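*Asks:* Here is a sequence with its predicted model. Questions after.
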Amino acid sequence: MKTLSACLAIGAMLLAGASAKAADAAQAILEGMTAELRSSQHGPDAAAECRVTRVQITAHRAHGPNPLDYRRELSLRNPQVVYVLRYWMNVTDAEGKDPVSIEGSSGLGMTAPNAANWYINNFFELRLDGKEILKQQLARFEVLEPRGDRARARLRWRCPEAVVTLDISLGATDDFLTLRCTVEGLNKPAALDLGFRAYPGHYPPPRARRAATHRRELRPTADYRLEADETAVVLWDEAEPRSPCAAEFANAGAASAHLNLQTYGVTLWLRFSPTAVCRTGPIHIWDVNDGSLNDLMQNVFTLSDRNRSD
């Protein structure tokens with residue numbers, strides 16, 4: 001790998017002194033070598049993997065009403081990124097009795113790639129006709145595709161109001177997660193709100209939260225209604241711009257979207273019209289640790305543009 005990179009660098013320098021015809025030929029060779037280098041980063045056997053840990057019951061030491069904590073971790077990885085989702089509920093016994101989510105409506109947080117960005121204790125929010133139906137229900141985990149071109153897992157909540165399924169997957173060459181949510185078994189049509197909560201860049205002050213769509217930059221403090229073509233949002237903090245995160249939802253099927261941008265926390269909300277069975281399309285989530293904000297914006301908005309034109 002290092003040898004190939006060195007050859008590319010040397011070849012680029014030689015091009016500067018070559019004739020036009022020779023430079024064109026050399027450029028073609030260099031482009032071929034570059035493509036080879038990029039493909040070798042994944043290799044012919046590149047794959048995504050998915051794993052779920054066993055339930056861990058520990059003594060509770062925070063501010064919940066129950067004496068124990070119920071935890072599981074879901075990891076999805078490929079050669080370029082590792083995502084870790086942590087499920088945390090406060091319970092009364094080792095069987096998970098009387099569960100309650102302390103820090104949000106679901107108990108599902110994200111701890112990697114970045115400890116900041118998507119909230120480690122509860123980044124995924126769900127409301128059905130304004131009610132947080134997952135807040136006191138345990139999720140059941142299932143690995144659907146443990147390894148391959150796509151790794152995939154499912155979380156399922158059986159609530160009195162409905163059955164909620166969250167499908168989470170990672171492609172072998174993707175740097176983002178793909179989420180799909182299904183809500184079924186309703187007694188009557190209900191509006192679904194999905195929220196994605198973040199603390200971009202870092203937690204402690206000083207903080208300078210920022211957000212951008214393909215058409216504008218947004219600053220706190222405000223609750224912004226996103227226009228129909230604003231189907232992707234990039235979040236970052238100016239004090240730490242190399243740790244941004246993002247979401248793309250052009251094909252999710254949301255009726256509307258708004259971004260609650262505060263000086264500390266930021267939440268993207270997607271609303272789905274009332275229906276007896278709601279099946280969202282794909283929602284893509286990025287989390288970056290020490291990367292390029294410009295590169296992330298280009299990738300996110302390019303995907304969003306392509307999805308809107310489909």
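*Replies:* Cool, the structure landed. Numbers count the residues shown, from 1 in each chain.
*Asks:* going forward, measure contacts and count neighbours with C-alpha atoms only.
*Replies:* OK.
*Asks:* low pLDDT regions in the protein?
*Replies:* 1-44 (pLDDT under 70).
*Asks:* what about 50?
*Replies:* The model of the chain has pLDDT under 50 over residues 1-18, 20-42.
*Asks:* Which stretches in the stretch 201-310 of the chain count as helices?
*Replies:* Taking DSSP state H, counting those that start in this stretch as the criterion, the stretch 201-310 of the chain contains helices spanning 293-309.
*Asks:* mind listing what the closest residue to L128 other than its chain neighbours touches?
*Replies:* Computed as C-alpha to C-alpha, 6 or more residues apart in numbering, the closest residue to L128 that is not its neighbour in sequence is L192, at 4.9 Å. Under the criterion of C-alpha atoms under 8 Å, 6 or more residues apart in numbering, the contact list for L192 reads 126-130, 271-274, 278.
*Asks:* Also S256?
*Replies:* By C-alpha under 8 Å, 6+ apart, the contact set of S256 is 226, 228, 270-272.
*Asks:* K188 and V164: what is the separation?
*Replies:* 15 Å (C-alpha to C-alpha, to the nearest Å).
*Asks:* Those two: which is more packed in?
*Replies:* Under the neighbour definition other C-alpha atoms under 10 Å, K188 and V164 were set side by side, and V164 has more, 21 against 10.
*Asks:* Next up, phi/psi of the residue lying closest to G281 once chain neighbours are set aside, please.
*Replies:* In space, G281 comes closest to A252 once its chain neighbours are excluded; the distance is 3.8 Å by C-alpha to C-alpha, 6+ apart. The phi and psi values for A252, taken as degrees, to the nearest 10, are phi -70, psi -30.
*Asks:* What about A252, how many residues nearby?
*Replies:* Using other C-alpha under 10 Å as the criterion, A252 is surrounded by 19 other residues.
*Asks:* R72 now?
*Replies:* By the measure other C-alpha under 10 Å, the count of residues near R72 is 17.
*Asks:* Also P99?
*Replies:* A total of 24 residues lie near P99 under the criterion other C-alpha under 10 Å.
*Asks:* Would you agree it is in contact with M89?
*Replies:* Yes - with contacts defined as C-alpha atoms under 8 Å, P99 counts as touching M89 at a distance of 5.9 Å.
*Asks:* what touches both of these two?
*Replies:* In terms of C-alpha under 8 Å, 6+ apart, P99 and M89 are both contacted by the residues L138.
*Asks:* about what we covered before: using a markdown table, lay out the contacts of L192 together with neighbour count and distance to P206.
*Replies:* Shown next, in a markdown table, are those (neighbours: other C-alpha atoms under 10 Å; distance: C-alpha to C-alpha, whole Å):
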| residue | neighbour count | distance to P206 |
| --- | --- | --- |
| L126 | 23 | 30 |
| R127 | 19 | 32 |
| L128 | 20 | 35 |
| D129 | 13 | 36 |
| G130 | 11 | 33 |
| R271 | 18 | 32 |
| F272 | 21 | 36 |
| S273 | 15 | 39 |
| P274 | 15 | 41 |
| C278 | 21 | 41 |
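*Asks:* So which of the contacts of S256 are in strands?
*Replies:* 270-272 (DSSP state E).
*Asks:* So which of those residues is the closest to R306?
*Replies:* Nearest to R306 among the ones in strands among the contacts of S256: L270, at 19.9 Å, using C-alpha to C-alpha.
*Asks:* Tell me the spacing between that closest one and L192.
*Replies:* From L270 over to L192 (counting by C-alpha to C-alpha), the distance is 8 Å.
*Asks:* What of L235?
*Replies:* According to C-alpha to C-alpha, L235 and L192 sit 23 Å apart.
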